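K.L.:
below are the sequence and a predicted model; questions follow.
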Amino acid sequence: MRGDLLTVIPRVRGMPGIIASPLLLVVHGRAGGAIPAELQALARELEAGRGAAVGLEALTAGEPPAVPCGSAAAPLVLVPLFLLPGSHVRRDVPRIAERCRRRGPVRRLPFLGAWPAWQRALAAELAALPAPVQPAGAPAQPAPWLLHHPLEGPLGVAFLAHLEAATGARCHATPYSAPNSEDAPLSLPRPALPLALAANRLTDALPPSLGLPLLQRPRFRAVVLEALMALP
């Protein structure tokens, strides 16, 4: 896995004289800037394991938080924890990077959904989904769904086509703002996986066995921890 994300980021953690860079994890957040518990736990574990500050910035917050400062020896590493190349990745993250650069050096990682190791984890998780029992002579089980926020434009279309090829799933647009607790549960005629890193309104509307956010699943948490622990 490290050979994918870290090909352009030397793995020098643990070498004498190397200072671990502070991290800024940029996340969507919930209403009012609330940050789900699984993201807070990830930040605490990274901070303890790396021995360097780890900040969390939620796009839903009214004001940006104080963020760790980088230096020439250990620049701030901006980590966009988004799974799709939507407007947050294309517009919000560059603005945050520019703001942080006014305080010191910054390195920006690719958004999480573009990491090859993350995409392999999606394929493995989808392959492990339990398939419903099919009666004899029934048609073959259709490909599972990846439930994702709607994407617009050619970049979004191309990325979703790539995800389908990489995972064997079919991408199914599911607006995250649509489900409410008083609504009927979403109808899912085939195995499905919510493309949601942390708890949101989509995962709230799904059955617990199906709607578990990805960062609460060991396979995905391990991918993120391994990559970010290994950063210089």
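P.N.:
Arrived safely.
K.L.:
all strands for the protein, in order.
P.N.:
23-27, 54-58, 76-80, 106-108, 145-148, 170-173, 192-194 (DSSP state E).
K.L.:
which residues does Arg103 contact?
P.N.:
Arg103 makes contacts with 67, 69-70, 76, as judged by Cβ atoms under 8 Å, 6 or more residues apart in numbering. In this view, the C-beta of every residue, glycine as well, is placed from N, C-alpha and C.
K.L.:
one more time with 6 Å
P.N.:
With contact taken as Cβ atoms under 6 Å, 6 or more residues apart in numbering, Arg103 is in contact with Cys69.
K.L.:
please begin residue numbering at 48 from this point
P.N.:
New numbering, starting at 48: the last item is Arg150.
K.L.:
do you know which of the strands of the chain lies nearest Ala171?
P.N.:
Among those, strand 239-241 comes nearest to Ala171, with 10.9 Å by Cβ to Cβ.
K.L.:
tell me which residues in that closest one are buried?
P.N.:
239-241 (16 or more other Cβ atoms under 10 Å).
K.L.:
determine how far it lies from the middle of the whole chain.
P.N.:
Centroid separation between strand 239-241 and its chain, computed with Cα atoms, centre = their mean, to the nearest Å, is 14 Å.
K.L.:
that one packs against which elements?
P.N.:
Judged by 3 or more Cβ pairs under 6 Å, 6 or more residues apart in numbering; DSSP states H and E, the packing partners of strand 239-241 are strand 192-195.
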